[in-house]
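*Asks:* with the input below, show me the fold.
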Amino acid sequence: MADQATTEVVVWTLRDGLYSCGVVVALASAAIAGFSAFKTGKRDLNSLGDSEIKTFEMIAKAEKDFAEFNASIVDEHDAFQLDKKNDGKEYELTKGKASLRGFYTDSVLNAYEIACQRYLDGKLDRARFSKTYAARLKKLCSNVAYKETINNKDFNFSALTKVNKQLNDPEN
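*Replies:* Residues are numbered from 1 along each chain as shown. Take a look at the predicted model:
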């Protein structure tokens, strides 16, 4: 017997057409969802970068204000030492300047506290935060100007002390 070639005619029904359209719509939806997820991830990274910049600016401003205040105190102290009328007297801060010094100390510590809270909440890049702030936190927490306020029971700098311990305590 000879091989007979058979040809089959494919007939698409309305149902087949609708299924095909459904598949195309589903693929388009998946592509749009994937693109949207990509853009959302990109936006989140940009937002994280903005947050890190704002954190740095907040800390830098608080430190700058404190440094400027301390510079004025140093200038006052030097002028006091050079004044011949103050022979044997020691320079003392006025109550107002002492209060202002406390305000600036608290401002710096609060800026770091907020940054450390954001670090603990995962709102900042942990590796970058560690590289940027580990040494600064260690220096801050051991600085005499800040140590008294940090250890004061009236204030709570728990995030600051916790992050400093995590980043700088080798036994941790």
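
*Asks:* where along the protein do the helices fall?
*Replies:* Here the chain has its helices, by DSSP state H, at 14-82, 95-120, 126-142, 144-151, 158-168.

*Asks:* model confidence score at the closest residue to Thr105 other than its chain neighbours, please.
*Replies:* Excluding the flanking residues, the one nearest Thr105 by C-beta to C-beta, 6 or more residues apart in numbering is Thr149, at 5.4 Å. Quick note: C-beta positions are derived from backbone N, CA and C, even for glycine. pLDDT recorded at Thr149 is 86.

*Asks:* correct me, but Thr149 touches Leu160?
*Replies:* No. Using C-beta atoms under 8 Å, Thr149 is not in contact with Leu160; the gap is 10.5 Å.

*Asks:* show the model's pLDDT score for Lys123.
*Replies:* 86.

*Asks:* what sits closest to it if chain neighbours are left out?
*Replies:* That would be Ser51: by C-beta to C-beta, 6+ apart, it lies 6.1 Å from Lys123.

*Asks:* count the neighbours of that neighbour for me.
*Replies:* 15 (other C-beta atoms under 10 Å).

*Asks:* ok, Asn86 next?
*Replies:* Around Asn86 there are 12 residues (other C-beta under 10 Å).

*Asks:* again with the one 10 residues further on
*Replies:* The local packing count at Gly96 equals 8, with neighbours defined by other C-beta under 10 Å.

*Asks:* which ones are touching it?
*Replies:* Gly96 makes no contacts at all, as judged by C-beta atoms under 8 Å, 6 or more residues apart in numbering.

*Asks:* can you give me the pLDDT of it?
*Replies:* At Gly96, pLDDT is 91.

*Asks:* what of Val144?
*Replies:* pLDDT at Val144 comes out at 88.
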